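coords below, sequence missing:
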């Protein structure tokens, strides 16, 4: 019955589509570089652009109440494309929301190509499911990207915002997709909300509303250079080639699977190397996760020692839960953090032994867990000294025995990032985050989140600041001594006095972007900042 109704709806839309009279052939060309500019404060929940006058923009901001959650607050109007705003009490919330939802979701999430009515896009019911595309009027479907489809009436371009906030575009009504040069949209994953609209006159111009304000896309680079890493939606690790600092490797770890990308020009352009883990410090080892076709499907780790020509099954049991992170030490040891605990290999990844003292697994229930990729650290000068921030553990014998670091905190607070001062390896910086899978953190627990320092290799700790921030990455510059701290949904900070005070680095005017990795190129004076949603920012490392 549902299938028949859907087919009937598609037939009706196909019949109506001939009146659009649009063409993809013309002067339109996607911008090569673009960035976001913040044009309004507030929590923006809906955006409507006038179809005839694209300078006329309406937005709804909302406020959060304990009793009812998010509630509409005011309707704002701009008559100059977002440069100036004034409240418009004549507009009703329900009218703005109705027009906005129709522009975003179309007729029941079905979009027909006005140039070829047999081509149809269908938006998924759930963000975890794939959107679909048909070339025979809905008789058969193929999966395309996951995320929110944005289909302007001008069919020159179609957008899709992934669940991670990265933006893709298609110039052939969803057949092929490319990553937009725009940085990812930041929003709160637990609320999974953002508003988006496309300028009907210039489809390059996007408006995005989020809890952090209203943003508009502008051609060219912003204050900090941003470059997407191919089609990746996650930048878990950034490695610098030890032989050539202009060559970078970015590794994506998404839903247990790895992908490695390489850049020869300091991150401006990227090419995909393959679906495996690669670290240029150990170029002879490749690792990948393969899902079996059994019921239920299991996950196995394979390793290649001949540049991918042959792959060998390892004895690391991942079962259905998978792997969280991989870290290589400078003594040819490899460490893998899985949902079952920490494992170590001393024969290039073929055989693994579990390291004890593993406690409760909480990361799978931690919001934004894909941002926290810096919880395990091997001292670069002493391969026997290892820190495991997640469990507040330290080992001085390569993981054979472990000691609990003298870190006092609530049970729901966990270590989330760790780094060593390159000038003095006894100075350790530790970031924390809380888990809210059962209930919200108390005010006291919330304030325990932040960044700490130990001047005695973990024996005692002092709170430095960033109270309430969920620290996802830490890096200390070996040339300037600046401490950089990335957070989940609170942006990037730096301290020029060893953590005594902090200042925000607003990447692309967005203070709420989530940081997933930090790497410092001391030779070129660059901080590479990987973000949730994929891609890297480049920040100059200078006092």
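That came through fine. Remember, it's a predicted structure, so these values are computed and weren't measured experimentally. Residues are numbered from 1 along each chain as shown.

Just checking, which helix or strand succeeds the lowest-mean-pLDDT helix or strand in the chain along the chain?
One helix or strand of the chain scores below all others by mean pLDDT, DSSP states H and E: helix 2-17, with a mean of 46. Proceeding N to C from helix 2-17, the next assigned helix or strand is strand 34-40, under DSSP states H and E.

buried sites along the following helix or strand past that following strand?
Elements were assigned by DSSP H and E; along the chain past strand 34-40, the next helix or strand is strand 43-49. By neighbour count on 16 or more other Cβ atoms under 10 Å, the buried set for strand 43-49 is 43-49. Every residue, glycine included, has its C-beta placed from N, CA and C.

For strand 43-49, report the contacting residues that lie outside it.
Contacts made with strand 43-49 from outside it, assessed by Cβ atoms under 8 Å, 6 or more residues apart in numbering, are listed as 56-64, 70, 72, 96-97, 99-100, 103, 193, 195-200, 207-211, 213-214.

Which stretches in the stretch 301-450 of the chain count as strands?
Listed in chain order, the strands of the stretch 301-450 of the chain (DSSP state E, counting those that start in this stretch) span 312-317, 323-328, 334-338, 341-345, 353-355, 376-378, 386-388, 393-395, 403-404, 413-420, 428-434.

now the stretch 151-300 of the chain
Going by DSSP E, counting those that start in this stretch, the stretch 151-300 of the chain shows strands at 158-161, 167-170, 178-179, 195-198, 206-210, 213-219, 225-227, 237-240, 248-254, 257-263, 271-274, 286-291, 299-304.

mind listing what the shortest one pairs with, with the direction of each?
The reference is to strand 178-179. Looking at strand 178-179 with DSSP bridges, its paired strands and their directions are strand 167-170 (antiparallel).

Distance from the chain centre to stretch 295-310, please.
Between the mean C-alpha location of stretch 295-310 and the chain-wide mean there is a distance of 26 Å, by Cα atoms, centre = their mean, to the nearest Å.

What's the end-to-end length of that stretch?
Distances were taken as Cα to Cα, to the nearest Å; on that basis the terminal residues of stretch 295-310 are 26 Å apart.

Numbering from 18 from now on, please.
With 18 as the first residue, the last one maps to stretch 312-327.

now the angle from the one helix or strand residue 114 maps to to strand 60-66?
In this structure, residue 114 sits in helix 110-122 according to DSSP H and E. For helix 110-122 against strand 60-66, the angle between stretch directions is 70 degrees (axes from the mean of the first three to the mean of the last three Cα atoms, to 10 degrees).

Which elements pack onto helix 110-122?
Packing contacts for helix 110-122, counted by 3 or more Cβ pairs under 8 Å, 6 or more residues apart in numbering; DSSP states H and E, involve strand 60-66, strand 74-82, strand 86-95, strand 212-215.

Adjacent strands (with direction) for the helix or strand where residue 545 lies?
Secondary structure assigned from DSSP H and E places residue 545 in strand 543-548. When sheet partners are counted by DSSP bridges, strand 543-548 sits next to strand 532-538 (antiparallel), strand 553-557 (antiparallel).

most packed of those strands?
Ranked by mean neighbour count, the strands paired with strand 543-548 are led by strand 532-538 with a mean of 24 (mean count of other Cβ atoms under 10 Å).

what's the spacing between that one and its chain's center?
The gap between where strand 532-538 is centred and where its chain is centred comes out at 13 Å by Cα atoms, centre = their mean.

residues making contact with it?
Under the criterion Cβ under 8 Å, 6+ apart, residues 251-257, 262, 283, 387-388, 390-391, 489-495, 501, 503-505, 508-509, 543-549, 558 lie in contact with strand 532-538.

coming back round to it: any idea which of the strands of the stretch 168-317 of the chain gets closest to residue 160?
Ranking these by proximity to residue 160 (Cβ to Cβ) places strand 175-178 first, at 12.4 Å.

show me what contacts the nearest residue to residue 137 once chain neighbours are set aside?
Counting by Cβ to Cβ, 6 or more residues apart in numbering, residue 151 is the residue found nearest to residue 137 once chain neighbours are left out, at 4.5 Å. Shown in contact with residue 151 (Cβ under 8 Å, 6+ apart): 135-137, 139, 157-159.

Residue 317 is in contact with residue 309, isn't it?
Yes - with contact defined as Cβ atoms under 8 Å, residue 317 counts as touching residue 309 (6.6 Å).
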